[in-house]
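> Sequence plus the predicted model coming up.
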Amino acid sequence: MDDELGARLKVYEGRAATLTGTGRDPVNLPMIRHWCEAMGDTNPAYTGPGAIAPPTMLQAWTMGGLAGHEGRAAAHDEMFALLDAAGCTSIVATDCEQEYLRPLRPGDEVTFDTVIESVSARKTTKLGTGYFITTRTDVRVGPELVGTHRFRVLKYAPARPAQQPPPRPRPVVNRDNAGFWEGVARHRLLIQRCTACAALRLPWLPGCNACGGPDWDTVEASGEGTVYSYVVMHHPPFPAFDPPYAVALIELAEGVRIISNVVGVPYDKVRIDMPVRLEFRSYDDELVLPVFRVREEVAV
Amino acid sequence: MRAGEELPPLEIPITRTLIVAGAIASRDYQDVHHDAELARQKGSPDIFMNILTTNGLVGRYITDHFGPAAVLRKVAIRLGAPNHPGDTMVLTGTIEEVDGDTATVRVVGANGLGSHVTGTVTVTVPSDTVLSGGA
């Protein structure tokens, strides 16, 4: 069986998660009022001398808050430690079923017992892969059962590993521009030249813009150029990029233009006519791109 | 109060304030309900509403309609698409069953992503206060 963790978790079914937990505060009007304010609930039953607590507050009276839970049984902590160790570090609540046997009133002091009712087999969800854990809590005031609370959480390993930025987009390589990208891989910026009329063209195209001739060869760019125009990207942010950044149209010494990035200066120091020089930058194991560095004599 | 009756919808703007105020009022200090940066590290695009707030809003929706004498017996909800700031949730309800002065109401809360909550509420409305029908 490949769900070994699932089998280990199953053992906890039926075991106590909390034994005689005690509410941090007795049921009280200030917490009721804060709840009603947050929910926008103006029901008069929750105010005044005969006030009851909103029944849906049932779980709130059992919450540990920042101070944490008292009375948690070892089974609960062990089970969660197993899940954390397996990478299921995130948690999200999915179901809540409450039954209210009598209203809670200011002054009531609640106690509660929670049992681990069931643990699912391993499930893969949109959020990630993990286990659904269902608990049932009986809430009492003194010996009297006042409500029950069944709660289901998904304890899971997030599908997207945290803090790993997505890779930069890949160039679209086809038979018309494959030679350009082969040149870039060898750290050469190749310009197409029409063999009929000698016109240069960049980006690469299947035919000559000047004479329509289909045949071509290449010349290697010297690498010298100037900023012909630029924009600064602020919005929208694309996942692989960190705005703001400058996107420049570089005019090469040969007279053709290429869209690229200017490096070596902050985005807000890029200027038209700035002299730049070609270099090749590796972004990851596979991706090399031509970029243009501001020449030292003008660097700011 | 009769089976098939539809409750008027309740529109709830999902503000960052509502999400945080609801989490704190329910004593839920999980970071994903108040800290956007940590929520993102856990794979969520932003903070999202906690289940206790959703539960409270569903309860409010029912008692808003049936009045202060209505007594909630059971609230059972299941969450789907999260409530993120900037969204709007529209709660709708249909009375599924009536047994004497007790009704079972099917509730759905839809947001821009889909169905945030689906659930069933059992509520008792003492007969001398039963509304004549809708608001």
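The structure has been received and is ready for your questions.
> Make sure B:Ala69 is actually in contact with B:Val125.
Yes - counting by Cβ atoms under 8 Å, B:Val125 is a contact partner of B:Ala69 at 6.9 Å. Yep, even glycine has a C-beta here, placed from its N, CA and C like the rest.
> count of neighbours near A:Asp284?
A:Asp284 has 8 neighbouring residues, counting by other Cβ atoms under 10 Å in any protein chain shown.
> what sits against it?
When the contact criterion is Cβ atoms under 8 Å, 6 or more residues apart in numbering or on different chains, the partners of A:Asp284 are A:167-168.
> Tell me how far it lies from A:Pro165.
11 Å (Cβ to Cβ, to the nearest Å).
> neighbouring contacts of the worst-scoring helix or strand of chain A on mean pLDDT?
Within chain A, no helix or strand scores below strand A:16-22, which has a mean of 87 by mean pLDDT, DSSP states H and E. The contact list for strand A:16-22 (Cβ under 8 Å, 6+ apart) reads A:62, A:69-73, A:75-76, A:109-116, A:135, A:137.
> Go again with 7 Å.
Defining contact as Cβ atoms under 7 Å, 6 or more residues apart in numbering or on different chains, one finds that strand A:16-22 is touched by A:62, A:69-73, A:75-76, A:111-116, A:135.
> Show the subsequent helix or strand relative to it.
helix A:29-39 (DSSP states H and E).
> one step back: now, which of the contacts of strand A:16-22 lie close to chain B?
Among the contacts of strand A:16-22, no residue is within reach of chain B (Cβ under 7 Å from any Cβ of the partner chain).
> So how do I select the buried members of those in ChimeraX?
Typed into ChimeraX, the line below selects the buried ones among these, using 16 or more other Cβ atoms under 10 Å in any protein chain shown:
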select /A:62,69,71,72,73,75,76,111,112,113,114,115,116,135
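> Name the nearest of the contacts of strand A:16-22 relative to chain B.
Ranked by distance to chain B (Cβ to the nearest Cβ), those are led by A:Thr62 at 9.0 Å.
> in the chain, which spans are helices?
I'll assume chain A. Ranges of helices in chain A, per DSSP state H, are A:4-10, A:29-39, A:74-85, A:178-185.
> wait, chain B
Under DSSP H, chain B gives helices at B:16-25, B:36-41, B:51-66.
> quick one: contacts for the residue of the stretch 151-300 of chain A found nearest chain B?
For the stretch 151-300 of chain A, the residue closest to chain B is A:Pro158, as judged by Cβ to the nearest Cβ, at 4.0 Å. Taking Cβ under 7 Å, 6+ apart as the criterion, A:Pro158 is in contact with A:90, A:127-128, B:42-43.
> Give me the most central residue, chain B.
B:Val58 (2.5 Å; Cα atoms, centre = their mean).
> do you know how far that one is from A:Gly50?
24 Å.
> Low-confidence ranges, the stretch 101-250 of chain A, go.
A:160-164 (pLDDT under 70).
> What are the boundaries of the strands in it?
A:110-119, A:123-124, A:128-141, A:144-158, A:190-194, A:200-201, A:216-220, A:224-233, A:245-252 (DSSP state E, counting those that start in this stretch).
> quick one on the thing from earlier: so if I had to pick from B:Ala69 and B:Val125, which one is more boxed in?
B:Val125 (22 against 13).
> separation between A:Cys88 and chain B?
A:Cys88 is 12 Å from chain B, where distance means Cβ to the nearest Cβ, to the nearest Å.
> The contacts of A:Pro158, buried ones only, as a PyMOL selection?
In PyMOL, a selection of the buried entries from these looks like this (16+ other Cβ under 10 Å):
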select buried, (chain A and resi 90+127+128) or (chain B and resi 42+43)
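> Could you dump the contacts of A:Pro158 into TSV and include distance to B:His34?
Below are those laid out as TSV (distance: Cβ to Cβ, whole Å):
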residue	distance to B:His34
A:Ser90	16
A:Leu127	19
A:Gly128	21
B:Lys42	13
B:Gly43	17
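> re the thing from before, do you know how far the residue of the stretch 151-300 of chain A closest to chain B is from A:Gly87?
9 Å.
> And for A:Ile250?
Taking Cβ to Cβ, one finds A:Ile250 at 46 Å from A:Gly87.
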